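**Q** 3D model of this:
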Amino acid sequence: MVLKVSNCLKCGSSDLKSPRHIRTRGVTSSVTADLNIVTCNKCRFTEFYELSDEESEPIKKKATLIFIFAAVIPTLIGIAVPIWFFIRIWG
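**A** Take a look at the predicted model:
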């Protein structure tokens, strides 16, 4: 994930933390959003950037693998967790 932010928009400092990924969902929405968080080390100003389709594709593939190993395989071997739990998490 390459983010093209070089300076803080608030103070102009170039001392920024590396972008961190989060997956979030609104309070009343079941749609998830993949975001990068960038924080200035000097003034602590934090910005959120939505990932492009190219950036979020590897994350979606990883989430699919996690779903398979956490839900499908245990179901097949008889130690299933209710599927509603995973639907709630990954929407």
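
**Q** Check which helices and strands the helix or strand containing residue 57 is in contact with.
**A** Here residue 57 is covered by helix 53-67, with elements defined by DSSP states H and E. In terms of contacts (3 or more Cβ pairs under 8 Å, 6 or more residues apart in numbering; DSSP states H and E), helix 53-67 is packed against strand 20-25, strand 32-39, helix 83-90. Yep, even glycine has a C-beta here, placed from its N, CA and C like the rest.

**Q** and that helix with strand 20-25, angle?
**A** Computed by axes from the mean of the first three to the mean of the last three Cα atoms, to 10 degrees, the angle separating helix 53-67 from strand 20-25 equals 70 degrees.

**Q** For helix 53-67, output the C-alpha coordinates as CSV.
**A** The C-alpha coordinates for helix 53-67 follow below in CSV (Å, rounded to 0.1, in the frame of the first residue of the first chain):
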residue,chain,number,x,y,z
ASP,A,53,-9.5,-0.9,-5.5
GLU,A,54,-6.0,-2.0,-6.3
GLU,A,55,-4.8,-1.4,-2.7
SER,A,56,-7.8,-3.2,-1.2
GLU,A,57,-7.7,-6.3,-3.4
PRO,A,58,-5.0,-8.1,-1.4
ILE,A,59,-6.8,-7.4,1.8
LYS,A,60,-10.1,-8.8,0.4
LYS,A,61,-8.2,-12.0,-0.7
LYS,A,62,-6.7,-12.3,2.8
ALA,A,63,-10.2,-11.8,4.4
THR,A,64,-11.6,-14.6,2.2
LEU,A,65,-8.8,-17.0,3.3
ILE,A,66,-9.5,-16.1,7.0
PHE,A,67,-13.2,-16.8,6.4
